[in-house]
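J.: For reference, the sequence and a predicted model appear below.
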Amino acid sequence: PESFETLLLEDRRLSQFLKYLDKVIPGGLAQVWIALTADHGVAPLVESAQNIGIPAGRIDLRSLVSTINQNLIKKLGPCDPWIQSVKSLNIFVNRQCLERIAKPKDQVFDILYQEFIKIDGIAHIVFCDQDMLMQKFLPQDIAKRIDMSCVPKRSGTLILIPSPFWYEQGPPATHMTHYVYDRSVPVILWGNPFKSKMVALKMSILDLVPTLLYPLKILPPAQTEGAVRYELLK
């Protein structure tokens, strides 16, 4: 209900803004171009997914940390604690303990991997380490996105990738994965240069700026990564 109320309010605010532009800009809205999109999608509620037979759930990592720490003490030796914190499916392992342990790094990471992969709802595990060990287990499309997302010394030592329709315990629904429901957003372009039709194509948000600048005959910024989507232009 709160999301629905927000959507109605947003619609009214956009209406007010467009009416304002129509009044103050010479020639009105006929001289205006509008680009409307969103920063991310969202997963369905776990309960809604389960009601239609989709395997879904919430992963309560914080409640598991104590048990995992005890298991790691048995397998890797004393450390207080092995897992220092958990945030947004990032697992921050105690670096001091990692540095002084005598076992080879790949053995340590394999023990960590086995400890977390058995959690319900975890599909893959990435080690955000310079060696990027265990990345070979990832599907290619995930590996590419992890390369763009993993920041050593800032990201967790491990990044857990949930199964579809699973996410970390917290809000009723959220967005935190590479899955289509989290990454699909609408793009609406309105104004004189653009076609008056729905165009079905795979588009990156990075394409938005070059596509807007092309009919203005303006060179895109030097480090632009997107491309002009000519299919959207008249």
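T.: Nice, thanks for sending it over.
J.: Quick check: bridge partners of residue 159?
T.: Beta-bridge pairing for residue 159 (DSSP bridges): residue 90, residue 126.
J.: Likewise for residue 34?
T.: residue 190.
J.: and it, what does it touch?
T.: Going by CB atoms under 8 Å, 6 or more residues apart in numbering, residue 34 touches 18, 188, 189, 190, 191. The way it works is simple: take the backbone N, C-alpha and C, and place the C-beta from them, glycine included.
J.: Apply 10 Å and report the result again.
T.: Applying CB atoms under 10 Å, 6 or more residues apart in numbering to residue 34 gives the contacts 14, 17, 18, 21, 188, 189, 190, 191, 194.
J.: For the fifth one, which non-adjacent residue is spatially closest?
T.: Excluding its sequence neighbours, the residue lying closest to residue 188 (CB to CB, 6 or more residues apart in numbering) is residue 36, at 4.3 Å.
J.: is it true that that neighbour touches residue 205?
T.: No: counting by CB atoms under 10 Å, residue 36 does not reach residue 205; the two are 11.9 Å apart.
J.: Can you work out which residues contact both of those two?
T.: Common neighbours of residue 36 and residue 205 (CB under 10 Å, 6+ apart) are 185, 187.
J.: quick one: which of these two has more around it?
T.: residue 205 (14 against 11; other CB atoms under 10 Å).
J.: ok, so what distance separates the residue nearest to residue 188 from residue 166?
T.: 30 Å (CB to CB, to the nearest Å).
J.: could you give me the average pLDDT of stretch 65-72?
T.: For stretch 65-72, the mean per-residue pLDDT is 92.
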